[in-house]
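A.B. asks: prediction below, plus the sequence it came from.
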Amino acid sequence: MVGLMAGAFLLVGMGLLGGSLGYRWHVAAEAERLRGEGTPVTATVVDRSGGGGRGSGIDRIEIVYVYDSAGYRAWIPCAGVTGCRSTPQRELTIRVDRNDPERFVAENGHTDGSLSFLMSWTVIPMGVVALVGAGVLGLVFRDRDGWA
């Protein structure tokens, strides 16, 4: 039973840690690609949510933009890790992928994938804790015969 729990913790830890780091790398690479290849478009900030206090969620803005006669709407983090220090400007420039206009990078550095669960900084410590738990349970499982 202990070995099964250790295996479960190991899988969860590897999934959270590897998934988060891999997804962060993917989002950063996609943002860099769009900064060079994306088509500049002006987006309008239409809403703001979160960030009003502890537990209020990520400070984020909703943007709308038109590309090639089609309208798009997305939520992105407002600014850096600390959120918006003031009311965001009404417009911002984004760089849109010509082949998939729902994919973009905003001038604040965030992409259409920046609000993913895997982008949360808490996922990395959770993955490390799960890996440490798996290691401790593995030691317990390995040394259980010495306790008898």
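C.D. replies: Happy to help now that I have it.

A.B. asks: what is the longest helix of this protein by residue count?
C.D. replies: Assignment by DSSP state H gives helix 2-37 as the longest helix of the chain.

A.B. asks: buried residues in that one?
C.D. replies: 6, 9-10, 12-13, 16-17, 20, 23-24, 27, 30-31, 34 (16 or more other CB atoms under 10 Å). Every residue, glycine included, has its C-beta placed from N, CA and C.

A.B. asks: the longest strand in this structure is where?
C.D. replies: strand 39-49 (DSSP state E).

A.B. asks: got a pLDDT number for residue 96?
C.D. replies: Residue 96 carries a pLDDT value of 97.

A.B. asks: from residue 63, how far out is it?
C.D. replies: Distance, residue 96 to residue 63, by CB to CB, to the nearest Å: 11 Å.

A.B. asks: residues near residue 90, how many?
C.D. replies: 9 (other CB atoms under 10 Å).

A.B. asks: which stretches of the chain have low pLDDT?
C.D. replies: 1-3, 51-58, 79-87, 116-124, 141, 143-148 (pLDDT under 70).

A.B. asks: returning to that earlier point: would you turn the buried residues of helix 2-37 into a markdown table with distance to residue 76?
C.D. replies: Listed next are the buried residues of helix 2-37 as a markdown table, based on distance: CB to CB, whole Å:
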| residue | distance to residue 76 |
| --- | --- |
| 6 | 39 |
| 9 | 33 |
| 10 | 34 |
| 12 | 28 |
| 13 | 29 |
| 16 | 23 |
| 17 | 25 |
| 20 | 18 |
| 23 | 16 |
| 24 | 15 |
| 27 | 11 |
| 30 | 13 |
| 31 | 11 |
| 34 | 13 |
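
A.B. asks: which of those lies closest to residue 75?
C.D. replies: residue 27 (14.8 Å; CB to CB).

A.B. asks: my guess is the closest one meets residue 109, correct?
C.D. replies: No: using CB atoms under 8 Å, residue 27 makes no contact with residue 109, being 10.0 Å away.

A.B. asks: which positions in stretch 62-76 come out as buried?
C.D. replies: So stretch 62-76, judged by 16+ other CB under 10 Å, has buried residues 63, 65, 67, 72, 74, 75, 76.
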